[in-house]
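Chemist: Mind looking at a prediction? Sequence and model below.
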Amino acid sequence: ADEYDPVPENNISSALITLPSADIGLSKTVNESFPNVGDTIAFSVIAINNGPDDASGLIVKDIIPPGYNYLSSTSSRGTYDNTTGLWDIGDLNDNGQTTLDLFVSVNSVGDTMNIANVEFLDQEDPEAANDTAREAIIPRIVDLAVNKIVSNGTPSVGSDIFFAVEVSNLNTDNQRANNITILDLLPDGYQFQTVSTSQGTYDPTTGNWIINDIVAGATARMTIGAKVLSSGDYENVAEIIKADEFDPNTDNNKSSVSVTIPTLDISVNKTVNNNTPNIGENVIFTVQVTNNGPADATSLLVNDVVKDGFELIQANPDVGSYDQVSGNWTIGNLPTSSTATLSITTQLTASGDYSNTIELVSLDQVDTDPSNDSKTITVNPLFSDLALTKTVDKTNPVAGETVTFNVAIENLGPSTTANSNIIVN
């Protein structure tokens, strides 16, 4: 002031205003820290007013991150909006607390860190360090790989082969795979024989191989023995269809192998040296079996039974052996473009079946053309019904007269008797 003030002690005066304050502390927990993908878990957010004053206008923000799908929520106070992530608590008395439970499902990908923080408060918050709470989970993820091999890629029909299946847990973080199911159902080109497993059990009816668990870095093995059938589907597939844990790499969850059955065309042919023989004459059948390829034939068996219209004299195969009782000609191996020949010598009998058939019975390979697998020849024996009649010119001659007897022979068929020696006694 312009004038002098001799009492400066009363020139200063002050007043203290005390603002209301509330220390809001947040904490967060999760009921499962290592869930499987798809599991439902619950985050619990607890807000505590540590005072010293009552809180009003309290809002906590908790946005669900993309590692989860929001399902539902419950709160002991206020309301929660899952779109904005705002939990509007409102008033919270000194030393009061309230809880928000967030129920979510676990996704296979995405951020799993869940954060809650105090968004708004009418009062001063003297301690900001406890205004944020966070919690994250680690989803159980495994990389399972299946591999299948076959013991013989070109087996013969009727042979036994073995399928080996391996299922490996490729994880390097000690994550165990649990409750695994592999589908490996034999297709109709095979007949199930045996199975052995290093772990779990296999049901040949359903094709399910069920394994309780595979530790990280370990491999489970199964071997299926099967018989190769002559036709059907030969592709065998093993596929992982179930596991508790999520597998982010499905490219190695399936493995298949297919065998190639060797194919060829076996053709048979038959000729006879005389198609119209006389009774008692020798009849020679010549049988030829040809492998038209492309594969070599093994375990080749044909059948040629001599019927009762013939009497077997001898049989001479140039390959294999012939059983005169069963008529089976066991050729065995017949390379491609090769022909086996069987000569059967018979004698024609007076009655019986005069047909003769050659037919393919079996072989290890698949015959692609069954139309030429059999041939029948029927011979036509010469039969003639000769009728003899006798007449006399005088039925009542006197002693000394000359009488003439006429003898006539007639061929009633069906065959002619040309160049035949007929003797009448």
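Modeler: In hand now; what should we look at?
Chemist: which regions of the stretch 301-425 of the chain sit below the pLDDT cut-off?
Modeler: Along the stretch 301-425 of the chain, segments meeting pLDDT under 70 span 383-384, 413-420.
Chemist: And the strands in it?
Modeler: 310-317, 321-322, 328-334, 339-348, 355-362, 366-367, 374-378, 384-392, 405-414 (DSSP state E, counting those that start in this stretch).
Chemist: residues of stretch 364-374 that come out buried?
Modeler: By neighbour count with 16 or more other Cβ atoms under 10 Å, stretch 364-374 contains the buried residues 364-367, 373-374. Heads up, the C-betas are built off the backbone N, CA and C, glycines and all.
Chemist: Can you get me the start-to-end distance on it?
Modeler: Stretch 364-374 has an end-to-end distance of 18 Å (criterion: Cα to Cα, to the nearest Å).
Chemist: Same question for stretch 50-60.
Modeler: Terminal residues of stretch 50-60 are spaced 16 Å apart (Cα to Cα).
Chemist: Name the residues of it that come out as buried.
Modeler: Within stretch 50-60, the residues that count as buried by 16+ other Cβ under 10 Å are 50, 53-55, 58, 60.
Chemist: How about the contacts made by Asp393?
Modeler: Residues in contact with Asp393, defined by Cβ atoms under 8 Å, 6 or more residues apart in numbering, are 403-404, 406.
Chemist: Quick check: end-to-end length of stretch 63-80?
Modeler: Its first and final residues considered, stretch 63-80 spans 10 Å by Cα to Cα.
Chemist: ok, now how distant is Ser21 from Arg77?
Modeler: Going from Ser21 to Arg77 by Cβ to Cβ, to the nearest Å gives 20 Å.
Chemist: Identify, from the contacts of Asp393, the entry nearest to Gly96.
Modeler: Asn406 (149.3 Å; Cβ to Cβ).
Chemist: right, and the closest one touches Lys390 too?
Modeler: Yes: with contact defined as Cβ atoms under 8 Å, Asn406 reaches Lys390; the gap is 6.9 Å.
Chemist: Filter the contacts of Asp393 down to just the buried residues.
Modeler: Among the contacts of Asp393, not one counts as buried by 16+ other Cβ under 10 Å.
Chemist: and the helix or strand of the chain with the lowest mean pLDDT, which strands flank it?
Modeler: Using mean pLDDT, DSSP states H and E, strand 405-414 stands out as the lowest-scoring helix or strand of the chain, at a mean of 79. Partner strands for strand 405-414, per DSSP bridges, with pairing direction: strand 384-392 (antiparallel).
Chemist: Using CSV, list the CA coordinates for the partner strand.
Modeler: Output in CSV follows, covering the C-alpha atoms of strand 384-392 (Å, rounded to 0.1, in the frame of the first residue of the first chain):
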residue,chain,number,x,y,z
SER,A,384,-25.3,-144.8,-86.2
ASP,A,385,-28.4,-146.9,-85.6
LEU,A,386,-27.9,-149.8,-88.0
ALA,A,387,-31.1,-151.8,-88.7
LEU,A,388,-30.8,-155.3,-90.2
THR,A,389,-33.6,-157.0,-92.1
LYS,A,390,-33.8,-160.4,-93.9
THR,A,391,-36.3,-161.7,-96.4
VAL,A,392,-36.6,-164.9,-98.5
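Chemist: got the buried residues for that strand?
Modeler: The neighbour-count check on strand 384-392 (16+ other Cβ under 10 Å) flags nothing as buried.
Chemist: From the chain's centroid, how far away is that strand?
Modeler: In terms of Cα atoms, centre = their mean, to the nearest Å, the gap separating the centre of strand 384-392 from the centre of its chain is 79 Å.
Chemist: Now the two most distant members of the buried residues of stretch 364-374.
Modeler: Asp364 and Ser374 (19.2 Å).
Chemist: Surely Ser351 and Gly309 touch.
Modeler: Yes: assessed by Cβ under 8 Å, Ser351 is found in contact with Gly309 at 7.1 Å.
Chemist: Show the end-to-end separation of stretch 24-44, please.
Modeler: Terminal-residue distance, stretch 24-44 (Cα to Cα): 16 Å.
Chemist: what comes up buried for that stretch?
Modeler: In stretch 24-44, counting by 16+ other Cβ under 10 Å, buried: 24-26, 28, 30, 35-37, 39, 41-43.
Chemist: Quick check: chain neighbours aside, which residue is closest to Glu410?
Modeler: In space, and not counting its chain neighbours, Glu410 is closest to Ala387: 4.6 Å by Cβ to Cβ, 6 or more residues apart in numbering.
Chemist: One more: Ile241?
Modeler: Of all residues not flanking Ile241 in the chain, Leu183 sits nearest, at 4.9 Å (Cβ to Cβ, 6+ apart).
Chemist: Ile256 and Leu183: what is the separation?
Modeler: Quick fix: residue 256 is Ser, not Ile. Counting by Cβ to Cβ, the gap from Ser256 to Leu183 is 12 Å.
Chemist: Could you check which helix or strand contains Trp209?
Modeler: strand 208-214 (DSSP states H and E).
Chemist: Check the secondary structure at Arg77 for me.
Modeler: Each residue gets one of three states, and Arg77 gets coil by DSSP: H, G, I helix; E, B strand; the rest coil.
Chemist: so who does it touch?
Modeler: Arg77 makes contacts with 89-90, 92, 98, as judged by Cβ under 8 Å, 6+ apart.
Chemist: Among the residues you listed, which are located in strands?
Modeler: 89-90, 92, 98 (DSSP state E).
Chemist: count of residues packed around the nearest residue in space to Lys61 that is not next to it in sequence?
Modeler: Among residues not flanking Lys61 along the chain, Glu119 sits closest, at 4.1 Å (Cβ to Cβ, 6+ apart). For Glu119, the count of nearby residues is 16 (other Cβ atoms under 10 Å).
Chemist: Glu119 contacts Val60, correct?
Modeler: Yes: here Glu119 reaches Val60: they are 6.2 Å apart, a contact under Cβ under 8 Å.
Chemist: which stretches of this protein have low pLDDT?
Modeler: Checking the chain against pLDDT under 70 turns up 383-384, 413-420.
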